[in-house]
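Peer 1: Can you look at this prediction? I've put the sequence above it.
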Amino acid sequence: HRYLGIFLGIQFLMWTVSGMYFSWTDIDEIHGDQFKKETPKQTAFFNLLGTAKLNSEKPIQTLELLEIANEPYYWINEANLFSAKTGNVKKGITKAEA
C-alpha cells in the first residue's frame, strides 16, 4: 500500500500543478488557436487577359495567379509580375501593398 500511495500522490500532485497552470495561463494560448491553419479567402476575378497577350520575352515555364492589393497579377517564370487585367509589367511593390 505504501508504493500505491506514493504513485497516487504523485499523480494527484501532477494533476494539481497542471490544473493551476491551465487556470493561470491565457485561455487563447491553451486553445492553440495560433496553430490553426487560416482558411484561404475565396476571390474571383473576371475579364483577365490570356497569357498569349502578355509581352513576356521568354516562353512561360511557370505561371501563378497572385492577388496584390485586391488586384490580380500573373507571376511568370518566378521573375516577372504582370497585371492580369492590363498586361503591364509591375515594376515594384509599394509599402501599402507589402
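Peer 2: That came through fine.
Peer 1: Can you name the secondary structure element that comes next after the helix or strand bottoming out on mean pLDDT in the chain?
Peer 2: Lowest by mean pLDDT, DSSP states H and E among the helices and strands of the chain is helix 27-31, with a mean of 77. Scanning forward in sequence from helix 27-31 by DSSP states H and E, the next helix or strand is strand 63-68.
Peer 1: could you give the mean pLDDT of that following strand?
Peer 2: Mean pLDDT, computed over strand 63-68, is 88.
Peer 1: Also stretch 13-21?
Peer 2: For stretch 13-21, the per-residue pLDDT averages 94.
Peer 1: So which residues make contact with it?
Peer 2: Outside stretch 13-21, no residue is within contact range by CB atoms under 8 Å, 6 or more residues apart in numbering. From N, CA and C alone the C-beta is placed, and that goes for glycine too.
Peer 1: List the buried residues of it.
Peer 2: Of all the residues in stretch 13-21, not one is buried under the rule 16 or more other CB atoms under 10 Å.
Peer 1: what's the answer for stretch 44-59, then?
Peer 2: The neighbour-count check on stretch 44-59 (16+ other CB under 10 Å) flags Leu54, Ser56 as buried.
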